[in-house]
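Asks: take a look and give me a structure for this.
(one chain, ligands or ions: 1)
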Amino acid sequence: MLEMDLLSHTLRHAGERISPKSWTLSDGTRVTLHDVGILSFEPAKPGPGDIVLSAGVHGNETAPQELLNGLVTGLINGALRCQNRLLVLFGNPLAMAEGVREVEANMNRMFSGGHRQYLSTASAEAERAALLENSVEAFFTQRQGSRYHYDLHTAIRASKRERFAIYPFRHGKPWRRAQLAFLANGGVDTVLLSHDPTHTLSYFSSDRFGADAFTVELGKVRPFGQNDLERLAPFRDQLIALIEDSSPNLSEPETLTVFDVAQVIIKETEDFRLHFADDAANFTPYPRGTLLASDGVAAHRVKAEEEAIVFPNAKVANGQRACLTVVPVGADQPFE
Ligand SMILES: [Zn+2]
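Replies: Numbering: from 1, shown residues only. Next comes the predicted model:
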């Protein structure tokens, strides 16, 4: 047993390594704490689903951590029943304990091998990223189940769309309507289709293990204790239905907006500047020709009739994404 809830345990032991320990719940589910913030549930007779839920890859994004902690507590005390295999990850305990997004570098650029280039400059986060990769691999490769991974975040700035998800590049494989319905019926009713490989945790699970995987943005960053988790209740209910293998709501959603990622603007030099208001909300649209960013002699302008900005951040390290733009989904996108 854990002597306290998983989130408290993770914060208290941040930066440590611990030996695995297992125990069995009254319904026969085997619970294993593999390391700090890495916990699996193995039902005696699991359903077809192999589910990974992660939060805290960015340490200060607290609402998803509280959401997952509540689910874990419910599973351990018997309020919820685990009927599919489940792996819960708290991504970056050191940053979580310090209440910062990252300690040395952005962990969500360290997956699919990205951690190797950070080993000399951000060793703690790079080693943790490698540990997370190994944990996900060990979990998924134990059998050929139906694989899911929802990596939960909150955004730095205000957003015209409170909750949205990024669908990792699928290398031409069709996008799944059932997954869009799962998200939209959970209140995550805006989805961005990504068209490039990347180093995010969700891309890693999608690309390496064929999981239905998403980066899910669940609102704005706030400190512990200031999140209104009731706003996330529809999403939590979808996760519970998945965990309990009791039919998540996959009906045709009332609202769903799908965008294509149009531009990924990379900061190349220290002269990088964004040319719209500092407090412009995510999904603010700009017309064709608008200068969005300059970078020394380079200029990044809106190319389509209209593009909306997402995740602008001029403070990222050189070589990293400083802004995305999105456009309404094109007719050429394959869905199944
Ligand atoms: Zn994040």
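
Asks: quick check, pLDDT for Val326.
Replies: What the model reports as pLDDT for Val326 is 97.

Asks: mind checking what secondary structure it has?
Replies: Of the three states, Val326 takes strand under DSSP: H, G, I helix; E, B strand; the rest coil.

Asks: same question for Leu152.
Replies: Here Leu152 is recorded as strand under three-state DSSP.

Asks: what about it, neighbour count?
Replies: Residues near Leu152, counting by other C-beta atoms under 10 Å, number 25. (Each C-beta comes from the backbone N, C-alpha and C, glycine too.)

Asks: tell me the contacts of it?
Replies: By C-beta atoms under 8 Å, 6 or more residues apart in numbering, the contact set of Leu152 is Leu53, Ser54, Ala55, Glu61, Pro64, Leu67, Leu68, Val216, Leu218.

Asks: out of these, which one sits closest to Gly99?
Replies: Comparing the contacts of Leu152 against Gly99 with C-beta to C-beta places Glu61 closest, at 10.5 Å.

Asks: which residues touch the residue nearest to Phe259 when sequence neighbours are not counted?
Replies: Spatial nearest neighbour of Phe259, excluding adjacent residues (C-beta to C-beta, 6 or more residues apart in numbering): Val326 at 3.8 Å. Listed by C-beta under 8 Å, 6+ apart, the contact partners of Val326 are Leu192, Phe259, Asp260, Val261, Ala262, Phe283, Glu307, Ala308, Val310.

Asks: any chance of those in TSV, plus neighbour count and distance to the ion?
Replies: Shown next, in TSV, are the contacts of Val326 (neighbours: other C-beta atoms under 10 Å; distance: C-beta to the ion, whole Å):
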residue	neighbour count	distance to the ion
Leu192	25	14
Phe259	24	18
Asp260	17	21
Val261	19	17
Ala262	18	21
Phe283	18	16
Glu307	23	22
Ala308	22	19
Val310	24	12
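
Asks: export the residues you listed to JSON lines and tack on pLDDT and secondary structure?
Replies: Formatted as JSON lines, the contacts of Val326 follow (pLDDT from 0 to 100; DSSP: H, G, I helix; E, B strand; the rest coil):
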{"residue": "Leu192", "pLDDT": "98", "secondary structure": "strand"}
{"residue": "Phe259", "pLDDT": "98", "secondary structure": "strand"}
{"residue": "Asp260", "pLDDT": "96", "secondary structure": "strand"}
{"residue": "Val261", "pLDDT": "96", "secondary structure": "strand"}
{"residue": "Ala262", "pLDDT": "96", "secondary structure": "strand"}
{"residue": "Phe283", "pLDDT": "96", "secondary structure": "coil"}
{"residue": "Glu307", "pLDDT": "98", "secondary structure": "strand"}
{"residue": "Ala308", "pLDDT": "98", "secondary structure": "strand"}
{"residue": "Val310", "pLDDT": "96", "secondary structure": "strand"}
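
Asks: among the residues you listed, which pair sits farthest apart?
Replies: Largest separation among the contacts of Val326 by C-beta to C-beta: Asp260 and Phe283, giving 13.7 Å.

Asks: mean confidence score for the strand or helix carrying Gln238?
Replies: Using DSSP states H and E, Gln238 sits within helix 233-243. Averaged across helix 233-243, pLDDT comes to 98.

Asks: what is it packed up against?
Replies: Under the contact definition 3 or more C-beta pairs under 8 Å, 6 or more residues apart in numbering; DSSP states H and E, helix 233-243 sits against strand 49-55, helix 62-77, helix 177-184.

Asks: having no further points to raise, I will conclude here.
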